[in-house]
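Chemist: Make a model of this:
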Amino acid sequence: MSSKVPIFTLSNGVRMPSVGLGTWQMTGDEGKTVIRNAIKAGYRHIDTATLYQNEDQIGDSLAELISEGAVKREDLFITTKAFCHEVAPDVSEQALRNSLKRLRLDYVDLYLAHIPAATKECGNHRNDVTVEDIWKGLEKLYNLGLAKSIGVSNFNESQIERIVKIQKVPIHVSQLELHLYLPQKAHRELCKKHHIIITAYATLGSPGRMSVIGSDGKPLFENTKNAASELNDKNVKALAQKYNKTPAQILLRATVEMGIVVIPKTTDPGRMKENIDIFDFNISKAEVNLLEAHERSENGRLFWWPNVAEHPEDPFASER
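Modeler: Reported below is the predicted structural model:
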C-alpha cells in the first residue's frame, strides 16, 4: 500500500487506507482514466457502489493495471455498496455476486448496505425487511468470503445499536455524511465504543451534487444550494495559509487526524494528487479542536435520501 497514507486497522485485522477515491458521478471512459490516474497518484483505496453505475469501468481499469503489474490485487482496498433494492437478505448475495462480476474481482475488501431501507427493484418500499435482517444477510456474505469486511452506510445511531445487539460478525465500518458543519459527534462516540471505523463522505461539501438532475428535470439538491461551504470557513482558510495548503487539504487532513477515513471524489489529476498529499505537515489536536469549535449549529446535512422518506427504516425520520 502507498507508504505515505496512514493505514487504519479494522476490528477484524483488515487494513484500510485512510484516504480513498470516491467515484460517485464518474462514468464512461472518464471512469477508466480516473482510476488509472488515481493508482498512479498513490491511491490504493477505491470506493464505489451499484448506484454509481461505474463498477464495470473500475473493474476493467483495475484488471488492466493488475495485468500490467502496476498494482497487486492484495495492495488494493475496494469498497462497493448494495443499494436499497439489493440490501434485503433474499437478494444481497446475488447483488454482491453481480458487483464482483462487474468489478472482475473474487472478493471486495468492504461491502456496505448503502442505506438501511429496503425497496423492491421498482423503488416501492419493502416494509418486511428490518436493519437486523439486512445485517444477517451481510454476515452470510462475509462468511462466504465474498467480502473481507462488512458495514453500514447512512444508518443512524439507534439502527447501529440494534445491530450490535444481534450481530455475530461486528460492524467493521460505518460510512456517512460527515463534514465540518455536520460533525456527527454522537455517531463518532458510538462507533468508538463499538470499535467501528468511520468513513466520511462529502468532507468537502460535495460541490458536484449541484449537477445532479432529478426525475422532474430539476436539480436534485436545489434545497441545499445555499448551504455554507466549509472551504470558505475562516479557521480553515487561516490554517491553509499557515501550512501553505489548500482549504480542501486542511479539511481532509483534520478528518483523518480524528481517526476517520476520507474518500474525496475528483476527476482532476491535479486535485487528485492534492487530496492525497496531506501528510507532509502536522496539524495539532488544538487546531482540530479549533476547526470543530465553529459557530454554526444548524443541521448542515446535504444528503436527505428522499427515496426512503416514510420508510419504516428511514434513518433521517427524526430530522425531516
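Chemist: Secondary structure element holding the residue sitting furthest away from the middle of the chain?
Modeler: The outermost residue of the chain relative to its centre, with distances by CA atoms, centre = their mean, is residue 242 at 29.2 Å. According to DSSP states H and E, residue 242 maps onto helix 234-243.
Chemist: For that helix, give the mean pLDDT please.
Modeler: The pLDDT scores in helix 234-243 average 96.
Chemist: and after it, which helix or strand comes next?
Modeler: Next along the chain after helix 234-243, taking DSSP H and E as the criterion, comes helix 247-257.
Chemist: residues making contact with that next one?
Modeler: 6, 18-19, 178-180, 200, 203-204, 230-233, 236-237, 239-240, 243, 245, 262, 264, 271, 274-275, 277-279, 281, 283, 285, 287-288, 291 (CB atoms under 8 Å, 6 or more residues apart in numbering). In short, each C-beta sits where N, CA and C put it, glycine included.
Chemist: Weed out the non-buried ones from the residues you listed.
Modeler: Those of the contacts of helix 247-257 that meet the buried threshold are 18-19, 178-180, 200, 203-204, 230-231, 233, 236, 239-240, 243, 245, 262, 264, 271, 274-275, 277-278, 283, 287-288, 291, by 16 or more other CB atoms under 10 Å.
Chemist: just for the stretch 151-300 of the chain, where's the confidence low?
Modeler: Under the criterion pLDDT under 70, the flagged ranges of the stretch 151-300 of the chain are 295-299.
Chemist: which stretches of it form strands?
Modeler: Assigned by DSSP state E, counting those that start in this stretch, the stretch 151-300 of the chain shows strands spanning 173-177, 197-201, 261-262.
Chemist: and the closest residue to residue 137 other than its chain neighbours, how far is that from residue 126?
Modeler: Spatial nearest neighbour of residue 137, excluding adjacent residues (CB to CB, 6 or more residues apart in numbering): residue 89 at 3.1 Å. Distance from residue 89 to residue 126, counting by CB to CB, to the nearest Å: 11 Å.
Chemist: And for residue 133?
Modeler: To residue 126, residue 133 is 10 Å away according to CB to CB.
Chemist: Need the residues touching each of those two.
Modeler: 88, 118.
Chemist: could you point out where the stretch 1-150 of the chain is predicted with low confidence?
Modeler: For the stretch 1-150 of the chain, applying pLDDT under 70 flags the ranges 1-3.
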